[in-house]
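S.K.: sharing a sequence plus its predicted fold:
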Amino acid sequence: MAFSTGGRRGVHLQAALRLPIHGLDAAYSVQNVAWDGHRAGLHILWPGYSAWSLSDALTSHAKYGGQQTLAGLANQVARSFQQFYNDVQATELIEHAWRLQNVPFENLYLVELRMVTRSSWQPIICARLR
């Protein structure tokens, strides 16, 4: 499942923390992420850190009923990724180039959401480096 804004790949995670997400292509297209019809997990792999998972990060239904949209999923991923940052930021690493402090949350873009198993997904993230 791909994310783009204004025809360019990716949606800024900082912008996805708030709904509506302005400029998100196909923002209101319906998406199904949970095969059991309820919830799915999100797995984040970041170099130098242990794998991080949130078992109920994604839902197939919007907060106020109805089907989940692409914008709603981007929002759920952004909030989960922010939680990941908060949870592991204090972890000591051997390879300092990949420390989260060196890649600010404000520089991250969600490009894709890939299915790992029937009920778990992995976000594909890009960073704008300066």
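M.R.: Arrived safely, thanks for sending. Numbers count the residues shown, from 1 in each chain.
S.K.: tell me which other helices or strands the longest strand seen in the chain touches.
M.R.: The residue-count maximum for a strand in the chain (DSSP state E) belongs to strand 108-117. Packing partners of strand 108-117 (3 or more CB pairs under 8 Å, 6 or more residues apart in numbering; DSSP states H and E): strand 11-12, helix 13-16, helix 70-88, strand 120-127. In this view, the C-beta of every residue, glycine as well, is placed from N, C-alpha and C.
S.K.: tell me which helix or strand of the protein sits lowest on mean pLDDT?
M.R.: Within the chain, no helix or strand scores below strand 52-59, which has a mean of 84 by mean pLDDT, DSSP states H and E.
S.K.: pull that strand out as PDB, backbone CA atoms only.
M.R.: C-alpha atoms of strand 52-59 as PDB (Å, rounded to 0.1, in the frame of the first residue of the first chain):
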ATOM      1  CA  TRP A  52       9.700  -3.000  18.000                       C
ATOM      2  CA  SER A  53       6.000  -4.100  17.700                       C
ATOM      3  CA  LEU A  54       2.700  -2.700  18.600                       C
ATOM      4  CA  SER A  55       0.100  -5.500  18.300                       C
ATOM      5  CA  ASP A  56      -3.100  -3.400  17.900                       C
ATOM      6  CA  ALA A  57      -1.600  -0.400  16.000                       C
ATOM      7  CA  LEU A  58      -3.900  -0.600  12.900                       C
ATOM      8  CA  THR A  59      -7.600  -0.900  12.800                       C
END
